[in-house]
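In: Sharing a sequence plus its predicted fold:
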Amino acid sequence: MNATVQSARQAGSEHFDVLVVGAGISGVGAAYHLTQQCPDKSFVVLETLESFGGTWLTHKYPGIRSDSDLYTFGYRFKPWVGPPIATADEILKYMGEVIEENDLSRHIRYRHRISGATWSSRDNLWTIEVERLDTGEYLTFTANFLWMCQGYYRQSKGYTPEWPGMADYKGRIVHPQTWPDDLELKGKQVLVIGSGATAATLIPNIADQCAHVTMLQRSPTYFIPGRNANELADTLRELKIDETWIHEIVRRKILHDQDAFTHRAVEEPEAVKQELLAGVSAFVGPEVVEKHFTPSYRPWRQRIAFVPDGDIFQAVKAGKASVVTDEIERFTETGVLLKSGETIDADVIISATGFNLNILGDIPFVIDGKALNFADTVTYRGMMFTGVPNMVWVFGYFRASWTLRADLVADFVCRMLQHMDAKGAKKVTVALRPEDADMPLSSWIDPENFNPGYLMRSMHLLPKRGDKPEWQHSQDYWREKDELPLIDLDDAAFVYQGAAASARPAAA
């Protein structure tokens with residue numbers, strides 16, 4: 001037994017075949033797929049928070065809900081039986097059922113914050129340093145394979161721009177991501193800065209209690225208003241069809257329609273734009289749409305949120321909320337001064353201005369003694385990265401539900417683990433092939449196709465992409481659902497190495 005492994009065992013470390021980082025929608029899905037597809041593998045899920053759920057646990061602002069339908073945001077293996085757009089509580093209940101029905105809770109360790117991850121090629125092991133937040137203990141885990149399901153934004157703090165004069169403002173500034181329990185809005189003048197899905201969710205859910213709420217946007221966003229119901233699902237339930245079949249049929253229909261919509265947004269953007277604007281105009285009229293709800297970019301260059309029953313537009317029409325399209329010059333003692341010269345006074349300012357991208361969970365990684373600079377790597381289909389052994393990262397889709405990719409990546413990981421066993425390999429790394437040597441590299445995502453602020457602010461921290469499909473992170477679920485299952489695991493892009501010279505520690 002070599003000194004590294006012996007030291008870890010003496011320190012009381014636990015060893016697992018697979019270590020999953022995070023118990024959000026991806027991590028719970030990973031746990032399910034491991035139990036179903038790799039029942040012989042030992043695994044543990046480490047979660048910093050006190051419970052499962054990730055986003056749906058941390059976000060407490062009024063009205064928090066999904067911005068995509070649960071027939072596709074839900075897992076493929078667990079039928080969704082509620083309304084298409086679900087609240088955070090409904091999603092947490094659904095995830096809790098997945099955990100209970102599949103006996104996953106015994107695999108999950110809560111309040112375990114990872115402080116470092118180190119790979120040793122001598123031992124073909126990951127060593128994970130962990131702080132137990134409930135006891136203050138420091139623990140060590142070792143694992144053969146690391147499955148990163150930590151999400152894509154920093155849970156602890158949202159993104160708020162630094163505007164001049166913020167220190168002069170006498171009211172309260174709040175970010176929705178860290179919504180305070182003691183915030184009182186009754187009878188208050190409230191200003192919400194931002195025009196994305198969070199603002200669209202928040203405003204109609206606080207409008208009745210505020211004296212008035214104003215949405216201040218630098219530029220408009222596309223929305224899809226509609227009934228929070230699925231007629232096909234309702235019809236199938238009337239016919240007493242089994243929920244498993246309903247889930248699959250409705251899921252396929254939604255994905256079919258989304259695929260057609262995505263292609264139309266690229267091929268006939270003006271027609272799609274007019275359709276989207278007409279949907280909003282039905283609530284607030286063409287004049288308001290032209291002034292405040294007509295984006296300057298083509299559809300799908302940023303995510304489009306579904307607005308159940310057009311609730312934010314109903315609030316605007318009723319006079320409970322208003323919209324101002326302008327830019328902030330500076331904060332004042334009582335509110336903000338805009339570049340147009342107009343002022344908006346507010347008792348509370350809510351900065352619905354997005355989040356900070358989370359790069360590998362903000363965990364420092366060391367590979368064979370060298371600190372990992374993620375930006376120096378090249379992505380293999382947005383899942384693996386050159387020079388980073390035995391690790392897969394889950395990053396979902398922008399134009400389709402996150403969980404669709406989480407399920408596909410899970411299939412890939414389980415197939416890879418089985419393939420490594422069959423080959424007797426203890427290490428797999430992706431590497432550019434000889435034919436890729438002169439391949440041009442560029443930013444992880446093409447900003448001409450998708451350019452939300454959180455990506456643009458952090459693009460320099462992300463891996464590079466090549467000009468070949470296998471060296472890119474595709475945003476096309478409809479292509480990947482067919483391509484990822486057919487990946488040749490013996491392709492030259494995968495470099496395998498055999499067993500370690502010394503025995504690994506026994507499985508816990």
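Out: The structure has been received and is ready for your questions. Residues are numbered from 1 along each chain as shown.

In: going forward, measure contacts between C-alpha atoms and count neighbours the same way
Out: OK.

In: can you list the domain ranges for the chain.
Out: Here the domain assignment for the chain is 3-155+356-497, 160-227+279-353, based on automatic domain parsing.

In: Any chance of JSON lines for those, columns distance to residue 250 and mean pLDDT?
Out: As requested, the domains of the chain are exported to JSON lines (distance: least, C-alpha to C-alpha, whole Å; pLDDT from 0 to 100):
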{"stretch": "domain 3-155+356-497", "distance to residue 250": "7", "mean pLDDT": "92"}
{"stretch": "domain 160-227+279-353", "distance to residue 250": "16", "mean pLDDT": "94"}
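
In: Adding mean neighbour count, write those domains out as TSV.
Out: Listed next are the domains of the chain as TSV, based on neighbours: other C-alpha atoms under 10 Å:
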stretch	mean neighbour count
domain 3-155+356-497	18
domain 160-227+279-353	18
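
In: Pipe these into CSV and attach distance to residue 235 per row.
Out: Listed next are those as CSV, based on distance: least, C-alpha to C-alpha, whole Å:
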stretch, distance to residue 235
domain 3-155+356-497, 13
domain 160-227+279-353, 15
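
In: Point out the one among those domains that comes closest to residue 233.
Out: domain 3-155+356-497 (8.9 Å; C-alpha to C-alpha).

In: thought residue 178 was touching residue 160?
Out: No: under the criterion of C-alpha atoms under 8 Å, residue 178 makes no contact with residue 160, lying 11.6 Å away.

In: and residue 256, how many neighbours does it have?
Out: Counted with other C-alpha atoms under 10 Å, the neighbours of residue 256 add up to 12.

In: mind checking which helix or strand it is in?
Out: Taking DSSP states H and E as the definition, one finds residue 256 inside helix 243-267.

In: in that helix, what's buried?
Out: Within helix 243-267, the residues that count as buried by 16 or more other C-alpha atoms under 10 Å are 243, 246, 247, 248, 250, 251, 254, 255, 259, 261, 262, 265.

In: average pLDDT for it?
Out: The pLDDT scores in helix 243-267 average 94.

In: For stretch 165-182, C-alpha coordinates in CSV please.
Out: Provided in CSV are the C-alpha atoms of stretch 165-182 (Å, rounded to 0.1, in the frame of the first residue of the first chain):
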residue,chain,number,x,y,z
GLY,A,165,-23.9,56.4,-5.4
MET,A,166,-25.2,53.1,-4.1
ALA,A,167,-23.8,54.0,-0.6
ASP,A,168,-25.8,57.1,-0.6
TYR,A,169,-29.2,55.3,-0.9
LYS,A,170,-31.1,55.3,2.4
GLY,A,171,-33.4,52.5,1.6
ARG,A,172,-32.8,48.8,1.3
ILE,A,173,-31.1,47.0,-1.6
VAL,A,174,-32.1,43.3,-2.0
HIS,A,175,-31.0,40.6,-4.4
PRO,A,176,-33.7,37.9,-5.0
GLN,A,177,-31.2,35.1,-4.7
THR,A,178,-30.7,36.0,-1.0
TRP,A,179,-34.2,37.2,-0.1
PRO,A,180,-34.3,38.3,3.6
ASP,A,181,-37.0,36.9,5.8
ASP,A,182,-37.6,40.2,7.5
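
In: chain center to it, what's the gap?
Out: Relative to the chain's own centre, stretch 165-182 is displaced by 25 Å; criterion: C-alpha atoms, centre = their mean, to the nearest Å.

In: One more: stretch 196-208?
Out: For stretch 196-208, the distance to the chain centre is 20 Å (C-alpha atoms, centre = their mean).

In: Do a quick rundown of the strands in the stretch 301-450 of the chain.
Out: 305-308, 321-325, 328-331, 335-338, 343-345, 348-351, 355-357, 365-367, 370-371, 379-380, 384-385, 391-393, 427-430 (DSSP state E, counting those that start in this stretch).

In: what's the closest of those strands to residue 149?
Out: That would be strand 391-393 among these, by C-alpha to C-alpha, at 6.5 Å.

In: which outside residues touch the closest one?
Out: Where contact means C-alpha atoms under 8 Å, 6 or more residues apart in numbering, the residues beyond strand 391-393 that reach it are 145, 146, 147, 148, 149, 382, 383, 384, 413.

In: which residues does the fourth one bridge with?
Out: Think residue 148. In this structure, residue 148 bridges to residue 21, residue 393 when assessed by DSSP bridges.

In: do you know how far the closest residue to residue 172 other than its chain neighbours is from residue 326?
Out: Closest residue in space to residue 172, ignoring its immediate chain neighbours: residue 348 at 5.0 Å, by C-alpha to C-alpha, 6 or more residues apart in numbering. The gap separating residue 348 from residue 326 is 19 Å, by C-alpha to C-alpha, to the nearest Å.

In: same deal with residue 86?
Out: Applying C-alpha to C-alpha to residue 86 and residue 326 gives a distance of 32 Å.

In: Check residue 96 too.
Out: In terms of C-alpha to C-alpha, residue 96 sits 43 Å off from residue 326.

In: Next, the contact list for residue 471, please.
Out: By C-alpha under 8 Å, 6+ apart, the residues touching residue 471 are 378, 379, 380, 381, 382, 465.

In: Nearest residue to it in space, please, no chain neighbours.
Out: Closest residue to residue 471 apart from its sequence neighbours, by C-alpha to C-alpha, 6+ apart: residue 380 at 4.7 Å.

In: can you map out the helices along this protein?
Out: For the chain, the helices defined by DSSP state H occupy 3-10, 25-37, 55-58, 70-73, 88-101, 197-206, 231-238, 243-267, 269-284, 286-292, 311-317, 402-423, 453-458, 477-483.
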